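Visitor: Show me the folded form of this:
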Amino acid sequence: MAGPKKEIDPTWTQTLIRGIRNGETAALAQAITLVESTRPQHLEMANTIVEENLKNAGKSIRIGITGVPGVGKSTFIEVFGKLLTSKGKKVAVLAVDPSSTVSRGSILGDKTRMQELVKDAHAFIRPSPTGNSLGGVAKKTRETMVLCEAAGYNVILVETVGVGQSETAVHGMVDFFLLLKLAGAGDELQGIKRGIVEMADAVVISKADGDNQKRAKMAQQEFKRALHLYPPKSNGWVPKVLTCSALNGEGMDQIWDMIGGYLDTAVASDHFHQKRKEQNKYWLLNHLDELIKDHFHHNNEVSKALQRFLETVGNGKISPFKAAQKLMQLYHKSLKI
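Guide: Predicted structure coming up:
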């Protein structure tokens with residue numbers, strides 16, 4: 001798939017907008033590449049495309065899926081996604097891949113792991129490198145979600161890397177948050193203590209097949225008992241604990257039915273729409289933080305001074321706190337504040 005053109009055609013933005021509205025995957029992929037671009041000349045185009053598509057977005061079910069590496073997230077998503085497309089749904093998978101902090105490269109392996117789903121005409125898989133974004137969540141995942149919805153994808157699955165704060169960020173952009181757990185991995189009780197379980201709307205014990213079925217049932221009961229110790233959610237929903245096997249497809253229909261039941265309850269109580277409003281406010285503040293940080297680091301005077309301060313701080317000639325204060329003073333002075 002070709003990336004953004006080097007020479008920007010003034011009509012290209014409108015061409016991509018029309019293509020997205022017509023459900024063209026090529027236009028969608030190119031627009032997402034623009035959104036993810038760090039080049040300043042692409043920022044205005046990306047903002048226009050997202051803004052123009054906002055009125056056609058927001059009509060999907062957004063599901064976050066997390067779990068530790070090795071729990072089988074990609075396999076689960078492929079089987080679950082195939083089930084949804086068989087029910088007439090259009091499914092977009094936004095898989096956030098871990099980027100190397102050394103080479104800045106990313107694995108981007110989800111398309112190879114989801115070999116069947118990637119061939120499905122009603123599915124769209126977009127692996128995105130996390131880069132330097134907080135918690136490992138792709139900086140532009142929210143905008144990508146808007147574009148997928150505008151292209152007609154009515155179920156959005158957001159997979160996290162499962163390594164920490166990414167779960168908090170994904171929880172803030174989805175309607176339903178699903179935690180995958182492994183039975184017999186020795187982390188049932190330990191996992192109960194983590195904040196991630198408190199965020200989950202459902203816990204699904206994966207790989208419940210073969211010799212692991214008995215352990216999966218035991219883990220299910222253990223989680224059910226433990227979840228009763230948590231305070232009730234603001235919408236009154238009591239998190240469910242289910243088992244599934246991606247290997248033989250068992251439990252997938254029950255998971256989808258459970259999510260449907262949750263959404264029916266949330267919409268009826270207006271919690272669904274209120275949560276969407278709060279998410280938009282959160283993403284305004286989040287994006288504002290990113291813009292301020294980018295503006296600070298792209299200031300020429302600050303950028304030059306920062307290199308000097310990094311050396312002096314490293315040599316112990318000035319404290320990091322004093323250096324940060326001086327950099328902010330320089331930044332304010334350059335803005336003539």
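Visitor: measure the residue nearest to Glu36 when sequence neighbours are not counted to Asn286 for me?
Guide: Of all residues not flanking Glu36 in the chain, Lys140 sits nearest, at 5.0 Å (C-beta to C-beta, 6 or more residues apart in numbering). In short, each C-beta sits where N, CA and C put it, glycine included. The spacing between Lys140 and Asn286, counted by C-beta to C-beta, to the nearest Å, is 11 Å.
Visitor: Kindly report the same for Ile125.
Guide: Counting by C-beta to C-beta - Ile125 and Asn286 are separated by 25 Å.
Visitor: For Lys140 and Asn286, indicate the residue with more neighbours.
Guide: Taking other C-beta atoms under 10 Å, Lys140 and Asn286 do not tie; Lys140 has more neighbours (22 against 18).
Visitor: can I assume that one is in contact with Ser37?
Guide: No. Using C-beta atoms under 8 Å, Lys140 makes no contact with Ser37, being 9.1 Å away.
Visitor: Now do the strands in this protein.
Guide: 61-66, 91-97, 123-129, 155-159, 176-182, 202-206, 240-243 (DSSP state E).
Visitor: Mind listing the strands the last one pairs with, and their directions?
Guide: Translated: strand 240-243. When pairing is defined by DSSP bridges, strand 240-243 lines up against strand 202-206 (parallel).
Visitor: from the middle of its chain, how far away would the partner strand be?
Guide: Offset of strand 202-206 from its chain centre (C-alpha atoms, centre = their mean, to the nearest Å): 19 Å.
Visitor: how far off strand 61-66 does that strand point, in degrees?
Guide: 50 degrees (axes from the mean of the first three to the mean of the last three C-alpha atoms, to 10 degrees).
Visitor: how about the CA coordinates for strand 202-206, as PDB?
Guide: Extracted in PDB, the C-alpha atoms of strand 202-206 (Å, rounded to 0.1, in the frame of the first residue of the first chain):
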ATOM      1  CA  ALA A 202     -15.700  -9.100  31.500                       C
ATOM      2  CA  VAL A 203     -13.000 -11.600  32.100                       C
ATOM      3  CA  VAL A 204     -12.700 -14.400  29.600                       C
ATOM      4  CA  ILE A 205     -10.600 -17.500  30.500                       C
ATOM      5  CA  SER A 206      -9.000 -18.400  27.100                       C
END
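Visitor: quick one, it and strand 176-182 angle?
Guide: Using the same axes, to 10 degrees: strand 202-206 against strand 176-182 is 30 degrees.
Visitor: now the stretch 201-337 of the chain, which segments are flagged as low pLDDT?
Guide: 337 (pLDDT under 70).
Visitor: likewise the stretch 1-150 of the chain?
Guide: If you take pLDDT under 70 as the line, the stretch 1-150 of the chain has these spans: 1-10, 96-113, 128-139.
Visitor: Can you name the residues that contact the closest residue to Met114 other than its chain neighbours?
Guide: In space, and not counting its chain neighbours, Met114 is closest to Glu78: 4.2 Å by C-beta to C-beta, 6+ apart. Neighbouring residues of Glu78 by C-beta atoms under 8 Å, 6 or more residues apart in numbering: Arg113, Met114, Gln115, Glu116, Leu117, Ala246.
Visitor: likewise Ala216?
Guide: Ala216 neighbours (C-beta under 8 Å, 6+ apart): Ala183, Ile205, Lys207, Ala208, Thr243.
Visitor: Go again with 10 Å.
Guide: By C-beta atoms under 10 Å, 6 or more residues apart in numbering, Ala216 lies in contact with 181-184, 204-209, 242-245, 251.
Visitor: what about it, distance to Thr243?
Guide: Ala216 sits 5 Å away from Thr243 when distances are taken as C-beta to C-beta.
Visitor: Which neighbours do these two have in common?
Guide: Lys181, Ala183, Val204, Ile205, Ser206, Lys207, Ala208, Asp209, Gly251.
Visitor: could I get those as TSV with neighbour count?
Guide: Compiled in TSV, the shared contacts of Ala216 and Thr243 are given as follows (neighbours: other C-beta atoms under 10 Å):
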residue	neighbour count
Lys181	24
Ala183	22
Val204	28
Ile205	28
Ser206	24
Lys207	24
Ala208	25
Asp209	17
Gly251	22
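Visitor: Farthest pair within the residues you listed?
Guide: Farthest apart among the shared contacts of Ala216 and Thr243 by C-beta to C-beta are Lys181 and Asp209. That separation is 14.9 Å.
Visitor: Show me where the stretch 101-250 of the chain has its helices.
Guide: Secondary structure of the stretch 101-250 of the chain by DSSP state H, counting those that start in this stretch: the helices cover 110-113, 141-150, 166-171, 188-192, 195-199, 213-227.
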